[in-house]
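Trainee: Got a predicted structure plus its sequence, pasted below:
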Amino acid sequence: MGDKEIIYSILNAADIAVLKRLGPGKYVPIGEVPRFYRELYPDDENGPCSAPWNHSDMLAFFIEDAEHFFSEKQEGQYSSSVWQEDGVGEDAALIAQALITPKGMVITVRRFRDEYIERVRVIQKARENLLEKRELKHNLELYKTISRTDKLTSLFNQAAFKEILKSEIQNAKDTGTRLSLIIMDIDDFKKVNDTHGHLVGDAVLAAFGKILMSHLRDGDIAARYGGEEFAILAKRTTQDQVFRMAENLRKLIERHDFPTVKHVTASVGCTAYLPPEDQNEFIQRADFALYDAKRSNKNNVKIR
């Protein structure tokens with residue numbers, strides 16, 4: 001019996017299965033795998049299972065981190081937590097390890113017995129939490145989108161808009177990039193709700209949001225800023241350009257056929273960023289321009 005066969009025989013006796021990494025996501029069992037491994041993970045067409053994570057939630061969780069560990073290409077090891085697999089028996093538990101050695105990359109799956117059971121029981125809840133976190137990780141972008149979006153208009157909400165605005169102001173300070181802000185308010189919106197009801201009012205707000213979304217340039221950001229007020233952050237835009245942009249949007253709104261009410265207008269304030277002013281000063285100047293438009297018979301654009 002050669003040295004390798006002796007080593008694999010010892011590993012088998014110690015209930016350790018070894019899978020060699022051939023490439024990203026590709027493995028092959030080496031040596032004789034322990035009996036527990038074949039009982040838990042059905043054989044492939046070529047023999048012992050080469051992807052046990054397809055049959056185990058914990059191994060599926062582990063393999064994601066193991067692949068990242070292998071990509072670092074530094075000698076050492078990365079271990080999973082201890083868990084119990086359905087079918088492994090009440091008196092046993094499993095642990096997986098990813099190892100980088102001078103001769104290659106391997107994953108081992110080892111079965112432990114009595115002395116580890118108390119430890120397993122203590123961390124069983126931790127295993128469940130890990131699986132829940134894995135699911136949350138996969139849906140993180142969805143949760144972020146939901147928390148940052150106004151449900152009625154599908155635009156960003158005010159909190160998300162201010163977060164983006166803060167980042168873009170810092171970028172403008174660092175790089176000298178031009179930045180402009182538009183704030184719009186639907187004229188006499190209270191009359192819409194009072195006359196036609198809130199469902200019609202909501203339909204008007206949703207249609208207003210669609211108009212903005214369909215006429216934004218690449219990179220521009222639109223938000224429902226609050227109630228019947230909307231904001232647009234226009235990147236790489238001068239004061240003259242943002243005025244023309246605001247005027248075009250005002251005309252589109254004036255000509256649009258809104259649900260039930262048909263005719264709606266908006267007052268618009270706009271301004272260009274003046275470094276080194278902060279976020280509040282930038283917003284305040286656009287707000288003042290909006291007040292100017294409201295005081296000037298509404299349905300017009302003012303700039304400051």
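Mentor: Looks like it arrived, so ask away.
Trainee: ok, residues contacting stretch 211-229?
Mentor: Residues outside stretch 211-229 that contact it (Cβ atoms under 8 Å, 6 or more residues apart in numbering): 150, 152-158, 160-161, 164, 183-186, 189, 205, 209, 230-236, 248-249, 252-253, 256. Every C-beta, even on glycine, is put in place using the N, C-alpha and C of the backbone.
Trainee: Measure how far stretch 292-299 is from the centre of its chain, please.
Mentor: Averaging C-alpha positions (Cα atoms, centre = their mean, to the nearest Å) puts stretch 292-299 40 Å from its chain's average.
Trainee: Pull the residues that contact that stretch.
Mentor: 185, 187-188, 250, 254, 265-269, 300-302, 304.
Trainee: Filter those down to the ones in strands?
Mentor: Among these, DSSP state E puts D185, A266, S267, V268, G269, V301, K302 in strands.
Trainee: most surrounded residue in those?
Mentor: Neighbour count (other Cβ atoms under 10 Å) singles out V268 as the most crowded of these, with 29 neighbours.
Trainee: all strands for this structure, in order.
Mentor: Going by DSSP E, the chain shows strands at 16-23, 26-30, 76-79, 93-101, 104-112, 179-186, 221-226, 229-235, 266-272, 301-303.
Trainee: Any idea which of those strands gets closest to P52?
Mentor: If you check each of the strands of the chain against P52 by Cβ to Cβ, strand 104-112 wins as the nearest, at 6.6 Å.
Trainee: so how far is the closest one from its chain's centroid?
Mentor: Chain-centre distance of strand 104-112: 32 Å, with Cα atoms, centre = their mean.
Trainee: Ok, stretch 217-224 next?
Mentor: Offset of stretch 217-224 from its chain centre (Cα atoms, centre = their mean): 19 Å.
Trainee: which of the residues in it are buried?
Mentor: For stretch 217-224, the buried set under the neighbour-count rule, 16 or more other Cβ atoms under 10 Å, comprises D220, I221, A222, A223, R224.
Trainee: and what of stretch 43-56?
Mentor: Those would be P48, C49, S50, A51, P52, W53, S56, for stretch 43-56 by 16+ other Cβ under 10 Å.
Trainee: correct me, but the fifth one touches E39?
Mentor: In this case it means P52. No: at 11.5 Å, P52 does not count as touching E39 under the criterion of Cβ atoms under 8 Å.
Trainee: Identify the farthest-apart pair in the buried residues of stretch 217-224.
Mentor: Greatest spatial distance among the buried residues of stretch 217-224 (Cβ to Cβ): D220 and R224, at 14.9 Å.
Trainee: if we can go back for a sec, and the strands of the chain, which one is worst for confidence?
Mentor: Note on the strands of the chain: strand 76-79 shows the lowest mean pLDDT, a mean of 83.
Trainee: Note down every partner strand of it and its orientation.
Mentor: strand 93-101 (antiparallel) (DSSP bridges).
Trainee: so where's the stretch 51-200 of the chain shaky on pLDDT?
Mentor: Low-confidence segments of the stretch 51-200 of the chain, defined by pLDDT under 70, span residues 74-75, 89-91, 113-146.
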